[in-house]
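Sequence and predicted structure are below.
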Amino acid sequence: MRVSSASGTVPVPVTQEEPVPRSRRLRGGVCLAAAVALAATLGGTASAHDGISSDDGGIDNAGATHGHDVHGQHGGSEDHLPPSVENVELVSRLELRNVVPGKIADVGVHNGYAYLAAWGGETCEPNGVHVVDVRDPAAPREVAFVPSKEGSYPGEGVQALAVDTPKFTGDILVTNNEICRAGVGVGGLNIYNVTNPARPTPLAVGIGDENVPGQGKKAVNQIHSVFAWDAGANAYAVIVDNEEGKDVDILDITDPKKPRVIAEYDLDEQFPRIVQATPDNLVEVFHHDVIVKEINGRQVMLVSYWDGGYVQLDVTNPRAAFYLADTDFAAEDPELPGVAPEGNAHQAEFTADNAYVIAADEDFNPYGLVARNDTHGVEIPAGQGDGTTPLEPGQTITGQSKFVGRACNADPAVPAGDGTQVAVVERGLCTFTEKVANVIAAGGYSAVLIFNRVGSDACNQTLGMSVAGDIPTFGVAPRGAGFDLFDQPYDDAACLALPADSQQSGIPLGATGDTLTFSSFFDGWGYVHLYSNGGGKLAELDTYAVDQAHDPEFATGSGDLSVHEVAVSPTRADLAYISYYAAGLRVVSVEDGEIVEVGNYIDPEGNNFWGVQVFEVGGVEYVAASDRDHGLFIFRYTGP
């Protein structure tokens with residue numbers, strides 16, 4: 001969809017003015033001052049990082065799971081889009097070992113071998129990297145498996161490359177580490193020698209930033225992605241630090257056996273021009289993904305910074321990066337005029353000629369949510385629980401709040417509601433699913449709102465929820481917002497200083513409070529942007545989405561219809577390949593500043609594509625796509 005006033009949408013601002021920096025969200029936390037001013041569409045944001053982050057089912061909103069709707073994407077004739085093939089040849093497919101639905105994540109290809117992440121968001125083992133020989137694209141074969149350290153897993157960050165420095169010459173594989181088993185798993189990056197891909201050997205494991213603010217420990221931070229590059233005499237890697245504001249960390253990997261952090265950047269603090277003052281829902285500002293490309297003799301980093309947009313830095317000297325350019329989101333969503341854009345800058349690449357940036361905004365939730373304290377006239381950041389009864393678009397629930405405690409089996413019984421009230425639950429002690437089950441058993445409630453517990457990782461920070469139950473459930477809201485419902489004083493600094501779960505709210509069981517309203521609206525799935533490359537604010541030229549992604553009829557029942565990644569052709573400046581989860585593989589062409597779909601593939605049994613990577617064998621261009629539920633698909637574009 002072209003962005004123009006003629007189409008009824010709003011032109012993208014390209015001003016060079018620097019807005020006043022706003023309170024930023026640090027790995028899922030947001031200050032209450034920003035939260036209550038939020039035009040809350042947080043039910044449709046998030047979906048960036050992966051996996052449940054706590055034992056009770058909490059999911060970092062800056063890292064909500066990729067796990068929505070992933071099951072049932074293969075087999076049968078329902079629950080996925082109809083098969084489709086246009087200008088795309090399926091060359092081969094390979095089912096990888098030990099694959100369960102949702103297990104396969106990113107893919108990288110180098111020197112005749114594909115590397116596919118075995119993700120830990122579905123099962124915590126076996127995690128690692130599958131190595132597949134693709135020198136004969138028609139007959140790929142798995143030749144090795146690189147296991148992750150117990151309790152850790154890779155996801156977005158899987159890249160192999162050649163390195164030639166005074167300390168090392170050969171091929172290396174870099175991967176990220178996130179944790180699925182607390183106390184066992186490690187963070188940081190891993191580096192493997194894959195000069196012989198069939199026999200990968202570890203060079204460094206679990207290396208990264210060791211500063212975790214407020215947690216009183218020295219441990220390597222979890223990272224969501226990693227990208228490495230050879231800069232001549234030196235080699236470097238940039239990682240996505242999940243655990244602090246300085247989340248763009250650069251390591252010197254010239255000697256891949258001894259990586260060391262040499263620079264850390266908090267982009268919205270150092271370059272406040274990347275933060276938009278409006279629309280005011282763009283508060284999730286953090287590092288998600290990154291590439292580095294040599295352009296005109298400079299090493300240019302392209303950072304996907306979620307609600308901060310897409311940012312370019314000159315990292316020729318990694319210790320002194322400086323700003324080159326960035327993007328702003330339009331005042332209205334170009335694909336759904338009248339709706340605020342969600343941000344969600346997920347992944348991007350330069351076209352082969354560097355004339356354009358093609359960028360993918362990931363969004364797993366096609367519904368926006370407004371949660372409101374009607375009595376005080378403020379919004380409450382609270383998304384919908386992933387396994388509870390969702391609000392239908394246009395549906396509204398209004399009711400008086402009633403405090404029911406922590407609602408755990410070991411706690412006093414949940415008092416019954418009057419049939420219209422909203423049960424307000426304090427996080428802590430037990431799982432969200434157990435809390436919801438006890439509210440349902442008590443009866444008399446139209447919905448559930450859960451607010452956060454005490455602890456340095458909680459208080460006014462917000463979370464998504466992995467939770468099941470036959471009642472609309474919202475949360476995890478800031479603790480201060482929960483206290484505000486019952487006119488209770490709240491001290492965030494004191495809350496953060498307390499050990500987790502060491503103190504309950506003190507709100508009387510059964511107390512009634514302010515009136516709450518929850519309403520839902522359709523705001524579509526994630527889609528693709530085209531920007532004209534240059535300096536300063538980049539002009540947005542066009543957007544692209546599959547037709548079903550902005551049709552409410554496909555909000556459920558057809559899998560995830562969000563874009564995930566884009567990979568550009570290295571030989572054709574006009575061509576790019578897109579992994580679109582359940583909408584399959586899409587091939588697009590850039591024609592006169594517009595994105596035009598020129599090819600597609602959806603398997604008869606459905607697809608669930610995460611990663612996409614272009615490679616060449618014998619002068620022919622192929623595309624590797626990682627199917628989350630199956631393994632590796634290899635394609636060839638056959639169009640003009």
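Done, it's in.

where exactly do the helices run in the stretch 201-350 of the chain?
267-270 (DSSP state H, counting those that start in this stretch).

Ok, the stretch 351-500 of the chain next?
Using DSSP H, counting those that start in this stretch, helices in the stretch 351-500 of the chain cover 432-442, 479-485, 492-497.

which other helices and strands contact the second one?
If contacts are counted by 3 or more CB pairs under 8 Å, 6 or more residues apart in numbering; DSSP states H and E, helix 479-485 sits against helix 32-36, strand 367-373, strand 421-426, strand 445-451, helix 492-497, strand 512-522. C-beta coordinates here come from the backbone N, C-alpha and C atoms, glycine included.

now the strands for the stretch 501-640 of the chain?
512-522, 528-532, 536-537, 540-544, 565-568, 575-579, 585-591, 594-602, 609-617, 620-627, 631-637 (DSSP state E, counting those that start in this stretch).

With Ala625 as the reference, measure out to the nearest residue to His630 once chain neighbours are set aside.
For His630, ignoring the flanking residues on the chain, the nearest one in space by CB to CB, 6 or more residues apart in numbering is Glu95 at 5.6 Å. For Glu95, the distance to Ala625 equals 14 Å [CB to CB, to the nearest Å].

just flag whichever of the helices and strands packed on helix 479-485 has the lowest average confidence.
Lowest mean pLDDT of the helices and strands packed on helix 479-485: helix 32-36, a mean of 30.

residues in contact with the most far-flung residue of the chain relative to its centre?
What lies farthest from the middle of the chain is Asp418; by CA atoms, centre = their mean that is 39.1 Å. Contacts were defined as CB atoms under 8 Å, 6 or more residues apart in numbering; by that measure Asp418 touches Gly444.

Kindly provide the distance from it to Leu485.
From Asp418 to Leu485 the distance is 17 Å (CB to CB).

what's the answer for Glu362, then?
Taken as CB to CB, the span from Glu362 to Leu485 is 32 Å.

who's the residue nearest to His630 bridged to?
Gly631 (DSSP bridges).

circling back: among the helices of the stretch 351-500 of the chain, which is nearest Pro259?
helix 492-497 (32.0 Å; CB to CB).

The residue nearest to His630 against Gly631, yeah?
Yes: using CB atoms under 8 Å, Glu95 is in contact with Gly631, at 4.7 Å.

Compare the two and say which is more crowded by neighbours.
Shown here are Glu95 and Gly631; by other CB atoms under 10 Å, Gly631 has more neighbours (22 against 13).

in the stretch 201-350 of the chain, which ranges drop under the pLDDT threshold?
211-218 (pLDDT under 70).

Spell out the residue ranges of the strands in it.
201-207, 223-230, 235-241, 248-252, 260-265, 289-295, 298-304, 310-314, 322-326, 345-350.

Can you say which of the ones you listed is packed in most?
Highest mean neighbour count of the strands of the stretch 201-350 of the chain: strand 235-241, a mean of 28 (counted as mean count of other CB atoms under 10 Å).

what helices or strands is it leaning on?
strand 168-176, strand 189-193, strand 223-230, strand 248-252, strand 289-295.

Not including adjacent chain positions, what is the nearest residue to His80?
Gly606 (3.1 Å).

could you measure that neighbour against Trp525, distance?
16 Å.

Which of the two has more residues huddled nearby?
Each of Gly606 and Trp525 has its neighbours counted (other CB under 10 Å); Trp525 has more, 29 against 25.

is it true that that one touches Asp551?
No: at 9.9 Å, Trp525 and Asp551 do not qualify as touching, with contact defined as CB under 8 Å.

Am I right that Lys149 is in a strand?
No: read with DSSP: H, G, I helix; E, B strand; the rest coil, Lys149 is coil and lies in no strand.

Quick check, it in contact with Glu178.
No: taking contacts as CB under 8 Å, Lys149 lies outside contact range of Glu178: 11.5 Å.

what sits against Tyr581?
Residues in contact with Tyr581 (CB under 8 Å, 6+ apart) are Gly559, Asp560, Leu561, Ser562, Val563, His564, Asn607, Asn608, Phe609, Trp610.

How many residues are close by the nearest residue in space to Glu616 that is not next to it in sequence?
The spatially closest residue to Glu616, leaving aside those adjacent along the chain, is Tyr622, at 7.0 Å (CB to CB, 6+ apart). By the criterion of other CB under 10 Å, Tyr622 has 21 neighbours.

Over to the one 3 residues further on?
Each residue near Ala625 was counted by other CB under 10 Å, and the total is 25.

and it, bridged to which residues?
Val612, Phe633.

Would you check that it makes contact with Phe609?
Yes: Ala625 is in contact with Phe609 according to CB under 8 Å; the separation is 4.8 Å.

any common contacting residues for the two?
Contacts common to Ala625 and Phe609, judged by CB under 8 Å, 6+ apart, are Ser579, Leu585, Phe633.

now, which of the residues you listed sits nearest Asn281?
Of all the shared contacts of Ala625 and Phe609, Ser579 has the smallest distance to Asn281: 26.4 Å, by CB to CB.

What does the pLDDT read for the closest one?
98.

Repeat that for Val70.
Confidence score, pLDDT, at Val70: 34.

Repeat that for the one 10 residues further on.
The predicted local confidence for His80 comes out at a pLDDT of 85.

what's around it, how many residues?
Neighbours of His80 under the rule other CB under 10 Å: 25.

roughly how far apart are it and Arg406?
39 Å.

One more: Cys430?
In terms of CB to CB, Cys430 sits 7 Å off from Arg406.

do the same with Leu282
33 Å.
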